[in-house]
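Engineer: The amino acid sequence is not available; the structure is as follows:
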(Lines give C-alpha, C1' and ligand atoms only; values in the text may rest on other atoms or scores of the structure.)
Protein backbone atom coordinates (compact mmCIF):
# COMPACT_ATOMS: atom_id res chain seq x y z
CA UNK A 1 0.00 0.00 0.00
CA UNK A 2 2.86 2.40 0.78
CA UNK A 3 4.51 1.59 -2.55
CA UNK A 4 1.25 2.26 -4.36
CA UNK A 5 0.74 5.54 -2.47
CA UNK A 6 4.21 6.69 -3.51
CA UNK A 7 3.72 5.57 -7.13
CA UNK A 8 0.45 5.41 -9.10
CA UNK A 9 -1.58 6.59 -6.11
CA UNK A 10 0.58 9.60 -5.27
CA UNK A 11 -1.60 12.44 -4.00
CA UNK A 12 -4.68 10.21 -3.95
CA UNK A 13 -4.04 8.00 -0.89
CA UNK A 14 -4.69 8.79 2.76
CA UNK A 15 -3.32 6.61 5.53
CA UNK A 16 -5.58 6.41 8.59
CA UNK A 17 -3.51 6.21 11.80
CA UNK A 18 -6.01 7.39 14.44
CA UNK A 19 -6.83 3.84 15.61
CA UNK A 20 -4.07 1.32 16.29
CA UNK A 21 -6.02 -1.57 17.81
CA UNK A 22 -7.61 -4.40 15.85
CA UNK A 23 -11.20 -3.42 15.09
CA UNK A 24 -12.44 -6.44 13.18
CA UNK A 25 -14.04 -6.29 9.73
CA UNK A 26 -17.18 -4.32 10.62
CA UNK A 27 -15.34 -1.98 12.99
CA UNK A 28 -12.60 -1.26 10.48
CA UNK A 29 -15.04 -0.33 7.73
CA UNK A 30 -17.13 1.74 10.15
CA UNK A 31 -14.03 3.69 11.19
CA UNK A 32 -12.97 4.27 7.57
CA UNK A 33 -16.45 5.51 6.68
CA UNK A 34 -16.28 7.97 9.57
CA UNK A 35 -12.90 9.47 8.62
CA UNK A 36 -12.78 9.31 4.82
CA UNK A 37 -13.14 12.81 3.32
CA UNK A 38 -16.43 13.79 1.71
CA UNK A 39 -16.56 12.45 -1.81
CA UNK A 40 -19.32 11.82 -4.38
CA UNK A 41 -18.84 8.02 -4.23
CA UNK A 42 -17.40 5.35 -1.95
CA UNK A 43 -16.49 1.78 -2.97
CA UNK A 44 -15.63 -1.03 -0.58
CA UNK A 45 -12.45 -2.95 -1.45
CA UNK A 46 -11.68 -6.30 0.21
CA UNK A 47 -8.01 -7.18 0.17
CA UNK A 48 -8.23 -10.64 -1.39
CA UNK A 49 -10.87 -10.12 -4.10
CA UNK A 50 -10.20 -9.02 -7.69
CA UNK A 51 -12.30 -6.51 -9.65
CA UNK A 52 -13.05 -6.59 -13.35
CA UNK A 53 -11.20 -3.64 -14.94
CA UNK A 54 -14.54 -1.96 -15.80
CA UNK A 55 -16.11 -2.56 -12.38
CA UNK A 56 -15.98 1.04 -11.15
CA UNK A 57 -16.93 2.37 -14.58
CA UNK A 58 -20.04 0.18 -14.64
CA UNK A 59 -20.99 1.16 -11.10
CA UNK A 60 -20.42 4.89 -11.59
CA UNK A 61 -22.34 4.94 -14.86
CA UNK A 62 -25.31 3.26 -13.14
CA UNK A 63 -25.36 5.31 -9.95
CA UNK A 64 -24.82 8.61 -11.77
CA UNK A 65 -28.26 8.22 -13.37
CA UNK A 66 -29.93 8.54 -9.94
CA UNK A 67 -30.55 11.91 -8.21
CA UNK A 68 -27.51 12.76 -6.09
CA UNK A 69 -29.65 13.70 -3.07
CA UNK A 70 -31.24 10.23 -2.95
CA UNK A 71 -29.36 7.51 -1.02
CA UNK A 72 -28.16 4.99 -3.60
CA UNK A 73 -26.31 1.69 -3.34
CA UNK A 74 -24.97 -0.35 -6.25
CA UNK A 75 -24.05 -4.02 -5.89
CA UNK A 76 -23.60 -6.92 -8.27
CA UNK A 77 -22.95 -10.59 -8.90
CA UNK A 78 -19.52 -12.17 -8.66
CA UNK A 79 -17.51 -15.06 -10.03
CA UNK A 80 -16.90 -17.50 -7.19
CA UNK A 81 -13.34 -18.82 -7.36
CA UNK A 82 -10.94 -20.93 -5.36
CA UNK A 83 -7.87 -19.43 -3.71
CA UNK A 84 -6.05 -19.48 -7.08
CA UNK A 85 -8.83 -17.53 -8.83
CA UNK A 86 -10.11 -20.54 -10.76
CA UNK A 87 -13.82 -19.91 -11.37
CA UNK A 88 -16.15 -22.69 -10.31
CA UNK A 89 -19.49 -20.86 -10.65
CA UNK A 90 -21.26 -17.51 -10.75
CA UNK A 91 -23.16 -16.15 -7.77
CA UNK A 92 -26.93 -16.44 -7.96
CA UNK A 93 -29.00 -13.87 -9.85
CA UNK A 94 -31.78 -12.06 -8.00
CA UNK A 95 -35.25 -13.52 -8.20
CA UNK A 96 -36.97 -10.51 -6.63
CA UNK A 97 -36.27 -6.79 -6.78
CA UNK A 98 -34.53 -5.58 -3.62
CA UNK A 99 -36.55 -3.39 -1.26
CA UNK A 100 -36.65 -2.63 2.45
CA UNK A 101 -38.70 -5.65 3.62
CA UNK A 102 -36.42 -8.04 1.75
CA UNK A 103 -33.36 -6.18 3.10
CA UNK A 104 -34.51 -7.06 6.61
CA UNK A 105 -34.52 -10.79 5.86
CA UNK A 106 -31.45 -11.21 3.65
CA UNK A 107 -28.34 -9.38 2.48
CA UNK A 108 -27.78 -9.29 -1.29
CA UNK A 109 -25.05 -6.57 -1.27
CA UNK A 110 -21.70 -8.37 -1.30
CA UNK A 111 -19.19 -5.88 0.08
CA UNK A 112 -16.51 -5.81 -2.63
CA UNK A 113 -19.14 -5.15 -5.33
CA UNK A 114 -20.69 -2.18 -3.49
CA UNK A 115 -20.56 1.47 -4.53
CA UNK A 116 -22.32 4.15 -2.44
CA UNK A 117 -23.20 7.71 -3.29
CA UNK A 118 -22.59 10.58 -0.87
CA UNK A 119 -26.15 10.47 0.50
CA UNK A 120 -25.74 6.87 1.66
CA UNK A 121 -22.26 7.65 2.97
CA UNK A 122 -23.83 10.37 5.13
CA UNK A 123 -26.24 7.82 6.60
CA UNK A 124 -23.29 5.60 7.53
CA UNK A 125 -21.12 8.25 9.16
CA UNK A 126 -20.88 7.74 12.94
CA UNK A 127 -23.49 5.02 12.56
CA UNK A 128 -21.76 1.63 12.97
CA UNK A 129 -23.63 -1.59 12.18
CA UNK A 130 -25.44 -3.54 14.88
CA UNK A 131 -23.70 -6.59 16.37
CA UNK A 132 -23.38 -9.67 14.15
CA UNK A 133 -23.79 -7.97 10.75
CA UNK A 134 -21.19 -6.43 8.49
CA UNK A 135 -20.84 -3.06 6.80
CA UNK A 136 -22.32 -4.19 3.49
CA UNK A 137 -25.66 -5.40 4.90
CA UNK A 138 -25.88 -2.30 7.10
CA UNK A 139 -25.30 -0.02 4.09
CA UNK A 140 -28.00 -1.92 2.20
CA UNK A 141 -30.43 -1.71 5.13
CA UNK A 142 -29.91 2.01 5.68
CA UNK A 143 -30.25 2.82 1.98
CA UNK A 144 -33.47 0.84 1.64
CA UNK A 145 -34.87 2.10 4.96
CA UNK A 146 -34.37 5.70 3.86
CA UNK A 147 -36.40 5.09 0.71
CA UNK A 148 -33.25 5.12 -1.39
CA UNK A 149 -32.34 3.28 -4.56
CA UNK A 150 -30.77 -0.18 -4.44
CA UNK A 151 -29.36 -1.27 -7.81
CA UNK A 152 -28.32 -4.88 -8.41
CA UNK A 153 -26.19 -5.46 -11.51
CA UNK A 154 -26.72 -8.88 -13.09
CA UNK A 155 -23.18 -8.81 -14.48
CA UNK A 156 -20.36 -10.48 -12.55
CA UNK A 157 -18.05 -7.61 -11.62
CA UNK A 158 -15.48 -9.31 -9.41
CA UNK A 159 -13.73 -12.55 -8.51
CA UNK A 160 -14.69 -13.66 -4.99
CA UNK A 161 -12.05 -15.99 -3.57
CA UNK A 162 -13.36 -18.86 -1.43
CA UNK A 163 -10.72 -20.13 0.96
CA UNK A 164 -10.24 -21.32 4.53
CA UNK A 165 -9.88 -17.81 5.94
CA UNK A 166 -12.96 -16.06 4.51
CA UNK A 167 -14.72 -13.90 7.10
CA UNK A 168 -17.93 -14.49 5.15
CA UNK A 169 -17.86 -17.02 2.34
CA UNK A 170 -20.36 -17.67 -0.42
CA UNK A 171 -22.02 -20.68 -1.96
CA UNK A 172 -24.67 -21.04 -4.61
CA UNK A 173 -25.57 -24.51 -3.34
CA UNK A 174 -29.12 -24.48 -1.99
CA UNK A 175 -28.48 -27.68 -0.04
CA UNK A 176 -25.33 -26.32 1.65
CA UNK A 177 -27.03 -23.04 2.54
CA UNK A 178 -30.06 -24.85 3.88
CA UNK A 179 -27.96 -27.22 5.96
CA UNK A 180 -25.93 -24.32 7.39
CA UNK A 181 -29.14 -22.47 8.32
CA UNK A 182 -30.55 -25.56 10.03
CA UNK A 183 -27.36 -26.02 12.02
CA UNK A 184 -27.48 -22.41 13.22
CA UNK A 185 -31.18 -22.66 13.97
CA UNK A 186 -33.73 -19.86 14.39
CA UNK A 187 -32.22 -18.28 17.50
CA UNK A 188 -29.14 -16.86 15.76
CA UNK A 189 -31.03 -15.49 12.77
CA UNK A 190 -33.94 -14.05 14.75
CA UNK A 191 -31.54 -12.40 17.23
CA UNK A 192 -29.84 -10.63 14.31
CA UNK A 193 -33.21 -9.79 12.74
CA UNK A 194 -34.54 -8.19 15.93
CA UNK A 195 -31.27 -6.38 16.58
CA UNK A 196 -31.46 -4.79 13.12
CA UNK A 197 -35.08 -3.76 13.73
CA UNK A 198 -34.17 -2.17 17.08
CA UNK A 199 -31.17 -0.27 15.72
CA UNK A 200 -33.19 1.12 12.84
CA UNK A 201 -36.05 2.17 15.10
CA UNK A 202 -33.55 4.12 17.19
CA UNK A 203 -32.92 6.46 14.25
CA UNK A 204 -36.39 7.42 12.96
CA UNK A 205 -34.94 10.52 11.29
CA UNK A 206 -33.30 8.21 8.72
CA UNK A 207 -36.42 6.17 7.94
CA UNK A 208 -39.03 6.59 5.21
CA UNK A 209 -42.67 6.47 6.45
CA UNK A 210 -43.29 2.98 4.97
CA UNK A 211 -40.11 1.63 6.60
CA UNK A 212 -41.04 3.14 9.95
CA UNK A 213 -44.52 1.59 9.80
CA UNK A 214 -43.10 -1.84 9.00
CA UNK A 215 -40.50 -1.69 11.77
CA UNK A 216 -43.10 -0.61 14.33
CA UNK A 217 -45.40 -3.44 13.22
CA UNK A 218 -42.60 -6.00 13.61
CA UNK A 219 -41.59 -4.66 17.03
CA UNK A 220 -45.20 -4.73 18.24
CA UNK A 221 -45.89 -8.26 16.98
CA UNK A 222 -45.20 -10.19 20.18
CA UNK A 223 -47.85 -12.91 19.84
CA UNK A 224 -48.51 -15.54 17.20
CA UNK A 225 -51.73 -13.86 15.92
CA UNK A 226 -49.99 -10.47 15.73
CA UNK A 227 -47.06 -11.94 13.82
CA UNK A 228 -49.39 -13.74 11.46
CA UNK A 229 -51.24 -10.48 10.75
CA UNK A 230 -47.89 -8.77 10.11
CA UNK A 231 -46.91 -11.41 7.54
CA UNK A 232 -50.27 -11.09 5.78
CA UNK A 233 -50.07 -7.30 5.78
CA UNK A 234 -46.46 -7.19 4.62
CA UNK A 235 -46.25 -10.00 2.06
CA UNK A 236 -42.97 -8.56 0.74
CA UNK A 237 -41.28 -9.57 4.02
CA UNK A 238 -39.60 -12.49 2.32
CA UNK A 239 -36.33 -13.90 1.01
CA UNK A 240 -35.17 -14.56 -2.55
CA UNK A 241 -36.19 -18.24 -2.68
CA UNK A 242 -39.67 -19.55 -1.87
CA UNK A 243 -38.32 -22.32 0.38
CA UNK A 244 -36.14 -19.84 2.32
CA UNK A 245 -39.16 -17.57 2.72
CA UNK A 246 -41.16 -20.44 4.21
CA UNK A 247 -38.42 -21.12 6.76
CA UNK A 248 -38.09 -17.43 7.64
CA UNK A 249 -41.83 -17.09 8.19
CA UNK A 250 -41.96 -20.16 10.40
CA UNK A 251 -39.08 -18.83 12.47
CA UNK A 252 -40.72 -15.41 12.68
CA UNK A 253 -44.05 -16.91 13.79
CA UNK A 254 -42.75 -19.34 16.41
CA UNK A 255 -39.58 -17.76 17.79
CA UNK A 256 -39.68 -16.43 21.33
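Structural biologist: Looks like it arrived, so ask away. Just so it is clear, the structure is predicted and the values come from calculations on it, not from any experiment.
Engineer: Can you show me the helices along the stretch 51-200 of the chain?
Structural biologist: 55-63, 100-105, 118-124, 135-145, 174-201 (DSSP state H, counting those that start in this stretch).
Engineer: Need the winner for burial among those helices.
Structural biologist: helix 135-145 (a mean of 25; mean count of other Cβ atoms under 10 Å). To be clear about C-beta, it is placed using only N, CA and C from the backbone, and glycine gets the same treatment.
Engineer: ok, back up a step: reformat the helices of the stretch 51-200 of the chain into a markdown table and put distance to residue 235 and mean pLDDT next to each item.
Structural biologist: Output for the helices of the stretch 51-200 of the chain, formatted as a markdown table (distance: least, Cβ to Cβ, whole Å; pLDDT from 0 to 100):
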| stretch | distance to residue 235 | mean pLDDT |
| --- | --- | --- |
| helix 55-63 | 28 | 97 |
| helix 100-105 | 9 | 97 |
| helix 118-124 | 27 | 97 |
| helix 135-145 | 17 | 98 |
| helix 174-201 | 17 | 80 |
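Engineer: between these, which gets nearest to residue 240?
Structural biologist: Residue 240 lies closest to helix 100-105 among the helices of the stretch 51-200 of the chain, at 7.5 Å (Cβ to Cβ).
Engineer: helices or strands up against that closest one?
Structural biologist: helix 135-145, helix 174-201, helix 209-220 (3 or more Cβ pairs under 8 Å, 6 or more residues apart in numbering; DSSP states H and E).
Engineer: Need those in TSV (columns: distance to residue 19).
Structural biologist: Formatted as TSV, the helices and strands packed on helix 100-105 follow (distance: least, Cβ to Cβ, whole Å):
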stretch	distance to residue 19
helix 135-145	15
helix 174-201	22
helix 209-220	32
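Engineer: closest to residue 65 out of those?
Structural biologist: Of all these, helix 135-145 comes closest under Cβ to Cβ, at 15.8 Å.
Engineer: avg pLDDT for stretch 236-246?
Structural biologist: Taken as a whole, stretch 236-246 has a mean pLDDT of 93.
Engineer: Residues in contact with that stretch: which ones?
Structural biologist: 92, 94-96, 99, 101-102, 104-106, 108, 174, 177-178, 181, 214, 230-231, 248-249, 252 (Cβ atoms under 8 Å, 6 or more residues apart in numbering).
Engineer: same thing with stretch 249-256?
Structural biologist: Under Cβ under 8 Å, 6+ apart, the answer for stretch 249-256 is 186-187, 189-190, 193, 224, 227-228, 231, 237-238.
Engineer: Out of the residues you listed, which is nearest to residue 57?
Structural biologist: Distance to residue 57, by Cβ to Cβ, is smallest for residue 238 among the contacts of stretch 249-256, at 33.3 Å.
Engineer: On the three-state scheme, that closest one is what?
Structural biologist: Secondary structure, DSSP: H, G, I helix; E, B strand; the rest coil: residue 238 is coil.
Engineer: That one - how many residues pack around it?
Structural biologist: In terms of burial, residue 238 registers 20 neighbours under the definition other Cβ atoms under 10 Å.
Engineer: ditto for residue 243
Structural biologist: Residue 243 has 10 nearby residues by other Cβ under 10 Å.
Engineer: In terms of helices and strands, where is it?
Structural biologist: helix 242-254 (DSSP states H and E).
Engineer: what's the neighbour count on residue 2?
Structural biologist: Neighbours around residue 2, by other Cβ under 10 Å: 9.
Engineer: Tell me how far stretch 60-79 lies from the chain's centre.
Structural biologist: 14 Å (Cα atoms, centre = their mean, to the nearest Å).
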